[in-house]
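Asker: test case, fold it:
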Amino acid sequence: MLPDKKTSKSRTRTRRAHHRLTPVNYSQCTKCGQAKLPHAACENCGYVNPAITLKLGKEEAS
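Answerer: The predicted structure is shown next:
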């Protein structure tokens, strides 16, 4: 079954208006000012927020 009428370019583009790419959100490192991803370590200086703590298991010496 074929469509009765051709879909116009305007109607097609309106339907695809939300298919665009979203830009990556960067933040600045507080130590060196380099652009970095939020909630991640800085690639330039390796700084991580000191308020974030990780619970690590104790290493047993044998």
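Asker: hey, where'd the strands end up in this protein?
Answerer: Counting by DSSP state E, the chain has strands at residues 27-28, 35-36.
Asker: run me through the strand neighbours of the last one, direction for each.
Answerer: So that's strand 35-36. Neighbouring strands of strand 35-36 in its sheet, by DSSP bridges, are strand 27-28 (antiparallel).
Asker: on that earlier part again, okay, the strands of the chain in a markdown table with mean neighbour count, mean pLDDT and distance to Ile52 next?
Answerer: Any C-beta I mention is one placed from the backbone N, CA and C, and that applies to glycine too. Output for the strands of the chain, formatted as a markdown table (neighbours: other Cβ atoms under 10 Å; pLDDT from 0 to 100; distance: least, Cβ to Cβ, whole Å):
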| stretch | mean neighbour count | mean pLDDT | distance to Ile52 |
| --- | --- | --- | --- |
| strand 27-28 | 12 | 92 | 14 |
| strand 35-36 | 16 | 94 | 14 |
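Asker: so can I have TSV of those showing distance to Glu60?
Answerer: Formatted as TSV, the strands of the chain follow (distance: least, Cβ to Cβ, whole Å):
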stretch	distance to Glu60
strand 27-28	39
strand 35-36	35
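Asker: skip the chain neighbours and tell me the closest residue to the spatially most central residue of the chain.
Answerer: Closest residue to the average C-alpha location of the chain: Val24 at 5.1 Å, with Cα atoms, centre = their mean. What sits nearest to Val24 in space, not counting adjacent residues and going by Cβ to Cβ, 6 or more residues apart in numbering, is Leu37, at 7.6 Å.
Asker: could you list the low-pLDDT ranges of this structure?
Answerer: 53-54, 62 (pLDDT under 70).
Asker: 80 instead?
Answerer: 50, 52-62 (pLDDT under 80).
Asker: shouldn't Cys29 be in contact with Lys36?
Answerer: Yes. Using Cβ atoms under 8 Å as the test, Cys29 is close enough to Lys36 to be in contact (5.2 Å).
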